[in-house]
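Q: my questions are about this predicted structure, shown below with the sequence.
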Amino acid sequence: DAKTTQPTSMDCAEGRAANLPCNHSTISGNEYVYWYRQIHSQGPQYIIHGLKNNETNEMASLIITEDRKSSTLILPHATLRDTAVYYCIVRVEGGGSQGNLIFGKGTKLSVKP
Amino acid sequence: NAGVTQTPKFRILKIGQSMTLQCTQDMNHNYMYWYRQDPGMGLKLIYYSVGAGITDKGEVPNGYNVSRSTTEDFPLRLELAAPSQTSVYFCASSYIGYEQYFGPGTRLTVT
């Protein structure tokens, strides 16, 4: 069963920040929050992950609440190429079956000109 | 680096036929995975491997077989193809279970 809840779809204006929420109220202490995205017809692409501190890389920022029950992926200046399905996944770091990704339906982000 | 490559890109099979989907990675990753994605759905794990000679079932393994004789290659075998196996198949690899890198996918239609 999916451990995360995401809105089905969201719109964002080009050039504005896109804020994608994710609820993971049953997250365990050793589970990380991962974000992937899938642009139409392509394989999923890793974006970012974090445990409890906020994280930033060249693609996005990840804000995790202090109780770790929810998080927000932020694309600071969305472009049309950011239109994709965004998946929020919680998983244990490392190997074995516990490290396998479980994909839900994600959030379809549409960036509009 | 080419990353993860998959062949073929497209294939149409008749019911009962067999085929092998090829997957190769050049990143020296220990872990490799096969997923399928049905229209409008998320990805589901078919099989995974934690290293050469070691494979294990994922969520939806029925109707498929895998082998891992080298670090680079992880082929997926479909025996007796059925319409329910019509899907897009993605191969992925990772270093000891960290972030996964995906291939471009194989679109399979069984009629």
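A: Thanks, I have the structure now.
Q: all contacts plus neighbour counts: C-alpha atoms, from now on.
A: Will do.
Q: what's stretch A:76-87 in contact with?
A: Here stretch A:76-87 makes contact (C-alpha atoms under 8 Å, 6 or more residues apart in numbering or on different chains) with A:12-18, A:35-40, A:60-61, A:103-113.
Q: can you list the residues of chain B near chain A?
A: B:40-45, B:50, B:90, B:96-105 (C-alpha under 8 Å from any C-alpha of the partner chain).
Q: list buried residues within those.
A: Using 16 or more other C-alpha atoms under 10 Å in any protein chain shown as the burial test, the residues of chain B next to chain A include B:42-45, B:50, B:90, B:96-105 as buried.
Q: in chain B, which spans are strands?
A: B:4-7, B:10-13, B:19-25, B:31-37, B:43-51, B:54-57, B:64-66, B:76-78, B:87-94, B:101-102, B:106-110 (DSSP state E).
Q: A:Cys22 is nearest to which of these?
A: The closest of the strands of chain B to A:Cys22 is strand B:43-51. By C-alpha to C-alpha, the value is 18.0 Å.
Q: from the chain's centroid, how far away is that closest one?
A: Counting by C-alpha atoms, centre = their mean, to the nearest Å, strand B:43-51 is centred 8 Å from the centre of its parent chain.
Q: tilt between that strand and strand B:31-37?
A: Here the directions of strand B:43-51 and strand B:31-37 differ by 160 degrees (axes from the mean of the first three to the mean of the last three C-alpha atoms, to 10 degrees).
Q: which elements pack onto strand B:43-51?
A: Strand B:43-51 is packed against strand B:31-37, strand B:54-57, with contacts defined by 3 or more C-alpha pairs under 8 Å, 6 or more residues apart in numbering or on different chains; DSSP states H and E.
Q: what angle do it and strand B:87-94 make?
A: 40 degrees.
Q: neighbours of residue 77, how many?
A: Going with chain A. If you count neighbours by other C-alpha atoms under 10 Å in any protein chain shown, A:His77 ends up with 15.
Q: please refer instead to chain B.
A: Counted with other C-alpha under 10 Å, B:Arg77 comes out at 17.
Q: once you drop chain neighbours, what's closest to it?
A: In this structure, B:Arg77 finds its nearest non-sequential neighbour in B:Thr20, 4.4 Å apart by C-alpha to C-alpha, 6 or more residues apart in numbering or on different chains.
Q: residues near the one you found, how many?
A: Other residues near B:Thr20 come to 15 when the count uses other C-alpha under 10 Å.
Q: that one and chain A, how far apart?
A: Distance, B:Thr20 to chain A, by C-alpha to the nearest C-alpha, to the nearest Å: 19 Å.
Q: which residues touch that residue?
A: For B:Thr20, the contact set (C-alpha under 8 Å, 6+ apart) comprises B:Pro75, B:Leu76, B:Arg77, B:Leu78.
Q: now for those, which sits with the most neighbours around it?
A: Neighbour-wise, those (other C-alpha under 10 Å) top out at B:Leu76, 22 neighbours.
Q: contact partners for that one?
A: Residues in contact with B:Leu76 (C-alpha under 8 Å, 6+ apart) are B:Thr20, B:Leu21, B:Gln22, B:Cys23, B:Trp34, B:Tyr64, B:Asn65, B:Val66, B:Ser67.
Q: and of these, the nearest to A:Pro7?
A: Each of these was checked against A:Pro7 using C-alpha to C-alpha; the closest is B:Trp34, at 26.7 Å.
Q: make a markdown table from the strands of chain B and add mean pLDDT to it.
A: Output for those, formatted as a markdown table (pLDDT from 0 to 100):
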| stretch | mean pLDDT |
| --- | --- |
| strand B:4-7 | 97 |
| strand B:10-13 | 97 |
| strand B:19-25 | 98 |
| strand B:31-37 | 95 |
| strand B:43-51 | 93 |
| strand B:54-57 | 94 |
| strand B:64-66 | 97 |
| strand B:76-78 | 97 |
| strand B:87-94 | 96 |
| strand B:101-102 | 95 |
| strand B:106-110 | 97 |
